[in-house]
Each structure stands twice: as C-alpha cells, then as structure tokens.
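Participant: next come a sequence and a model predicted from it.
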Amino acid sequence: MKKSVSLLILIFLVNISFSQGWQWSNPLPTGNTLNSVFFPDAITGYSVGESGTIVKTTDEGITWKNQSSGTLKQLNAVFFFDSNTGWIVGASGIILQTEDGGETWNIQSSGTNKNLTSVYFTDMNNGIAVGENGTILKTMDGGTVWNNDPSITTEFLSCVFFYDSFTGWITGSNIILKTSDGGATWINQSIAVNSDFVSVSFPDPDTGYIIGCQWNTHPLFLKTTNGGIDWTITQDTVFLYLRSVFFTNADTGYILADDNTILKTIDGGITWNSFSSGTINYLYSFCFTDAGTGYAAGTYGTILKTTTGGSTWNELSSRITQQSLYSIQFPDPNTGYAAGGFDIVKTNDGGTTWSKIFTDTTTYFSSVYFTDENTGYVANSGTWPSDSGKVLKTSDGGLSWKITYSGNAIGINSIYFPDALNGYAVGRDCFYGGGIVLKTEDGGITWSSQSLSEAWDLFDVFFIDKNRGFVVGEKYSLGKGIILQTTDGGATWIGKSYSSSYYYKTIWFTNDNTGYVAGQGEIRKTTDGGSTWNICYSGNGTFYDLFFPDADTGYASLGVETILKTNDGGATWSSQYLGTNNGVYSLYFTDPNTGYAVGECGTILKTTVGGGFPVKINEIKNYELRITNYPNPVSQATNFSYTLIEPGLVCIQIFNNFGQLVAEPLNSYQAKGEQKVTWNSGNLSAGLYFYRIQEGKEVGGGKMVVVN
C-alpha cells in the first residue's frame, strides 16, 4: 500500500555488529552511499561507505560481492597495500584491517573517537591515518598499535598520500603538511591562500597536485614541480567544488568535480577537458589502475568504470529503477509489485529478481494494490496544476495500464481493495485543502468522490470488508492525528483525534476488532473495533508503514536504519537494524519471516529471517530534522523551515524532473536552532521539481510544484 512521505531525517546512533537479516535486491551490490574506491591491482577492487558497507570485485568490476565489516559505522576510506592486505577508516575512530582479501575484517584500536577520513600505508607495517581535529595516527606494526600526535594542528584533515616510504603529504582545512621522514615529523607548507585543501596526488617526487575549495567562490588548483618548495595556483571559473584529484603520471591526471563531471588533462594541468560521468548521483571517490582505466563511486551504491581515459563511463552497479518507491504489495508469495515516482516494478520469483514494467514521467506514483496476481491498481499523488491525481488499472499483470480515474489537483496517497470490486483511495484536495475519499464498486470502472472536512490530509486507508473501514491522516485544524471510521461503505464517517501525534500515516487490522495506527512518535492499538485506541509504543520519530503478517507478528517502519518488530501483538516492540541510511517507506510480508522493504532511490530490501539484528530501543538516540516547505505549489517564492539540534553544514538543492541541478538555495554552516531559508523560483518553468536537503551525511527531500 502506501504512501506519501513525511520529511523527517532520523539519525540513529547504534554500535552493534552488522546483521545479514536484510539483503539488497535493488540496487546491486548495494544501495548505500560509497565514500571511497581503491584498486590495488588491475582486477581487484574495494569500495566502502555508509552503514559499514564493504564491496569487493576480483574481475575488474564485472561482479561485486558484499563483505561483512562487523560494524554499522560509516566507512570513509579504504587502502590496500596488496590484493589481500588492507585497511579501512571511518566514523568515531574506527579502523578495520584484513589480511585475507576481506574474508575477515578485524577492528583495530585507534585510541581516538574522532572521525577518520583517509589512510595510506607505505608497506605492510607503516601507515598513516588522518581525520578531524587535526588527528594524525601513525602505526609501525600494521595497525596493532596506533599512536596519535595531537600537537601538529587542530584543523580538519581530509587526505593523506605518500609517494615513497619517506615522502608524504596531508591536506586539510587551510593546511598542507609534508613529511620527509615517513611521518615522524610534519612541516606546514606556506601557501599564499586559505582553502579547504581536499585531495593531493604526487605522480613523482617533484610533481604534485592539490585541489582546494573556498566558500562562496570557485575552487583552486595547485601544482608544484619541485617537491612543494613552490606552488602555482590557478582558480577554476566553472565549478563550485572539486572533490578528488588523481594523476597517473606527471602529465595525465583527473579531477572529480561537483556536478559529477570528470576533468582530464594530458599536459600537466595547463588545459583541461571535461567529460560527463553519465550519472545523476553524487560521486565521492575515484581511482585509476592505468592511464585509461578508472573507477568512481558515490551515492546510492553507484559504481562507474571507464576504459577510455575518462571520456566515457559505464555503470557497474545494477539498478532497475532509481525512483523512490513508496508502496509494495504481493498478491501471492512469488508475485510482487512496487511503485513510486515514475516507475512500477515487478517480481515473479519472490523478490530474487525485479524488472521495470511501466514508466510514466507525467505521474508520480504513491500507492499500489493488487486484488490478484494480474489485476491491480496504482494511484498517482498528483501535482497541481500540471498534473492530476489518477488511478490506473491493469488486468494483465502490469503489461498495460488504463486510467480509470482522473481529478484535477487531487493528491492520492493510498489505495485499498477489500475485494475484487470494492475499492477505496484517499488523499487530499490540493486546491482547496481537505481530505478526499474515492470509492469504486465496479472494479475501478467508475469512481465517486467524497470530501471529508474533518481532515486536512488523509494518508492511509484500510477496509475490513466493503462497508467497514478506516482512514487516517491529519486533522483539519492541524497539529492532531485523526482516525475516521465508516460502517456504511463511506456514506458517513465518525472520527477520533489525538494531539499526541501530529498525524497518523498508516493503519492495519489483523481481524475485525484488533488494529493499529502509527504516526509521529507513537503506535496505537484497538481491540474493540476502533472504539478506543491506546498507545502501545511511544518514542521519537515518524512511522511510515505498518504490516502484520499474523495476529502476533508485526513490523513498523521508522524511515531510516531501523524498523520495530513485535511478536506479542504490540505488547512489546524491539528495534531491528535495516543496514541502510536510505529512507524506507513501505513494508510487505508474505509470512512472518519473509518480507520486503522499499524506499528512497529505488531501495528494495528482502529478509527471510524475520528482519535484522535486534537492537534495544534504549540504545537508539533519535534526532529529528523536521522540514516544512511552504507554500507548495510555489509561485515565485517558498520557505524551507527546519530545526537543527546541533550546528552543521546544510545544503539545499533543487532538481528538475530529469535529475538536473537547477538551483542551490543554501550551502553554508548554520547554528543550532530554528532555521528558515527562502528561495525564489525566478524564471524556472512551471512543473514538478524535487528538493534535497543535506545536513552532514543525512539526506532528506521531497517534491514541489512551481507555478510561475
């Protein structure tokens, strides 16, 4: 079923072993952001990233295998001295080491809780790791002991690189350090400009390159031909940010730019040619095994390869869709459908493989429901005024679709059929405001529409039979969740509202009397058919979906990283780790152990063991970044409002329907507390746009309509 998505970022700080309870079905090998990629030889490569993700290839990137890292922490950088011996560094001072090509990873004691950003080894024993607050760690025994020298600097350090066993470089915020004695001492290099120097590459002892970024201006390119005694500084006039630099020899080099453009020089940086990477996903890291062959990695598990010296790039990771999926449903254990954004996808083998069966760039699918393996419906959330809310029907398993309902400025959030003929869809009147209930009694051939003035928006619907059902959402007066019930097929509705939840987004009944609703910060349960609803779980966060495969076993999605599970009909709930920071918006279980979760940017996860590793609820700390975008639709100007519980770097970006960046209203450091950013849509053409808000590594987003 489901759903429209509340814009919340939930940051869960947990510290447990990684669980294999949920496996990736899309994208493959992973949908987690990859922060670093490294190839120790021409055929063997590793990439690491969020949620303890490690993937490995032994065939030049043709296939990739997930490895167990033993951690949930973000991994920022990977380095291998040979194909078997390597190190990984990441958040909270974590250092991992392997001697068997990643079959096993051992956690080494770093002696720090600072985030580590880069690592480099000159031989099997001697290595340097760097990170925030001037952290420089050195080992002389392969990482058994790491020593920290905090006296050199307190600046943020982003990259470490060694040309040989003695000569190395570190770059960071307003600082470039050089060692000539293998890291025993470091000398600050005198540079005429201040910048965040983010990456360094030395193809020979004398020739080196560094890229730097300055706020509110264009980035810098530094070159030395005498081992760092003198530097020539050039300012780029095209890009706002450069992420990484890699030179294969003194003349041939590459830069990864902010819009995923690859810059290449063959004359030592005098001139540069730009090439498209071919992806809309952010790229964070790249490396080359020779002058022609290179690899890049980034958000949502993106892995790219070039064999043409960067002029063309092919994606090695596979994905059937990159649209966010808001709804999933299985009419039988093998046949399943998921919908979201422009796409509908299908599996015929219990989620082992998926294929895209329908795309419509004029719609934005929010909900899917099938009454049997061939007959099903999808609902369109609608955008005003360029699009209308729609219901589409298929009778041939998704091969063809026909519009059976269309209503101007109607946003449909959820659709449900208690039998083959009777169905209901709920949402919002985007023009006048207020809840909308659509009903069909003839299998979707015709639909009637009813306005419910009690509700501002309706997010979900569940019917026990064709006459008795419930809808949930947000009360018209705002600030209260509402539950409405009908016993006469929607002719009349009676409701209850609770101020303890801002809204309710999801509802599920296990029998005629027992049901659950969930929304902001709580799950409520009824055992008397909806007459009374009592809180059975209370905490931080917003629930996106509920699913009970039987009377006792239930699951609730908290958006990112975790779901809650009950084995006793909601009396107690335990938290389970999903293994991703991607938003998860809809759940479906074909039995108590076999289930699916779908969400952000095409995320599809599957479990056959009843979910992930259990985490005690009191181990979870929730931090909410509540984002409101008003007015929406946008005529000239709109506001993004949110509250930061800690100061941090916040970036707001606007994308068009094709995933192209069209505006960046904000990219700056903000203080703790309430924030509001006003953006003027200017001369943008009318239509559907998407906004992305990033604070640190946490990303949220939504859609809006421009009506200039």
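Facilitator: Good, I have the coordinates. Everything quoted here is computed from the prediction, not taken from an experiment.
Participant: next one: the residue nearest to Trp24 when sequence neighbours are not counted, what pLDDT does it get?
Facilitator: Computed as CB to CB, 6 or more residues apart in numbering, the closest residue to Trp24 that is not its neighbour in sequence is Thr30, at 5.4 Å. For every residue, glycine as well, the C-beta is placed using N, CA and C. As summarised for this prediction, Thr30 has a pLDDT of 97.
Participant: residue contacts, Thr30?
Facilitator: Residues touching Thr30, when contacts are defined by CB atoms under 8 Å, 6 or more residues apart in numbering, comprise 24, 49, 53, 55, 66, 301, 317.
Participant: what of Tyr377?
Facilitator: Neighbour list for Tyr377: 368-370, 391-394, 404, 415, 417, 423, 444 [criterion: CB under 8 Å, 6+ apart].
Participant: out of the residues you listed, which comes closest to Lys505?
Facilitator: Ranked by distance to Lys505 (CB to CB), the contacts of Tyr377 are led by Ile415 at 14.9 Å.
Participant: and the helix or strand that contains that closest one, what other elements does it pack with?
Facilitator: When secondary structure is defined using DSSP states H and E, the element that contains Ile415 is strand 410-416. Counting contacts by 3 or more CB pairs under 8 Å, 6 or more residues apart in numbering; DSSP states H and E, strand 410-416 is packed against strand 365-370, strand 376-380, strand 388-394, strand 423-429, strand 435-440, strand 455-463.
Participant: contacts for it?
Facilitator: For strand 410-416, the surrounding residues in contact (CB under 8 Å, 6+ apart) are 1-4, 327, 366-369, 377-384, 388-391, 423-430, 436, 438, 449, 457-463, 469.
Participant: show me what that strand pairs with in its sheet, parallel or antiparallel.
Facilitator: Using DSSP bridges, the neighbouring strands of strand 410-416 in the sheet come out as strand 423-429 (antiparallel).
Participant: tell me the angle of the strand it pairs with relative to strand 435-440?
Facilitator: 150 degrees (axes from the mean of the first three to the mean of the last three CA atoms, to 10 degrees).
Participant: picking that back up, and which of the contacts of Thr30 is nearest to Ala291?
Facilitator: Ser317 (24.0 Å).
Participant: could you dump the contacts of Tyr377 to a markdown table with neighbour count, pLDDT and distance to Ile357?
Facilitator: Output for the contacts of Tyr377, formatted as a markdown table (neighbours: other CB atoms under 10 Å; pLDDT from 0 to 100; distance: CB to CB, whole Å):
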| residue | neighbour count | pLDDT | distance to Ile357 |
| --- | --- | --- | --- |
| Val368 | 29 | 98 | 11 |
| Tyr369 | 24 | 98 | 16 |
| Phe370 | 22 | 98 | 12 |
| Val391 | 24 | 95 | 17 |
| Leu392 | 24 | 96 | 12 |
| Lys393 | 19 | 98 | 14 |
| Thr394 | 20 | 98 | 9 |
| Thr404 | 18 | 95 | 18 |
| Ile415 | 28 | 97 | 18 |
| Phe417 | 21 | 98 | 20 |
| Gly423 | 27 | 97 | 21 |
| Gly444 | 25 | 96 | 18 |
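Participant: show me where this structure has helices.
Facilitator: Along the chain, no segments are classed as helices by DSSP state H.
Participant: so which helix or strand of it has the lowest pLDDT on average?
Facilitator: Between all helices and strands in the chain, the lowest mean by mean pLDDT, DSSP states H and E belongs to strand 8-10, at a mean of 29.
Participant: show me what contacts the residue positioned nearest the centre of the chain?
Facilitator: Centre of the chain computed as the mean C-alpha position; nearest residue by CA atoms, centre = their mean is Asn582, 3.4 Å away. The neighbours of Asn582, taking CB under 8 Å, 6+ apart as the test, are 31-32, 300, 560, 599-601, 603.
Participant: same thing with Thr510?
Facilitator: Contact criterion CB under 8 Å, 6+ apart gives 516, 548, 550-551, 554, 569 as the residues in contact with Thr510.
Participant: filter the residues you listed to the buried ones?
Facilitator: Among those, those that count as buried by neighbour count (16 or more other CB atoms under 10 Å) are 516, 548, 554, 569.
Participant: so the first one makes contact with Phe548?
Facilitator: Yes. Applying CB atoms under 8 Å, one finds Tyr516 in contact with Phe548, separated by 7.1 Å.
Participant: no further questions, thank you.
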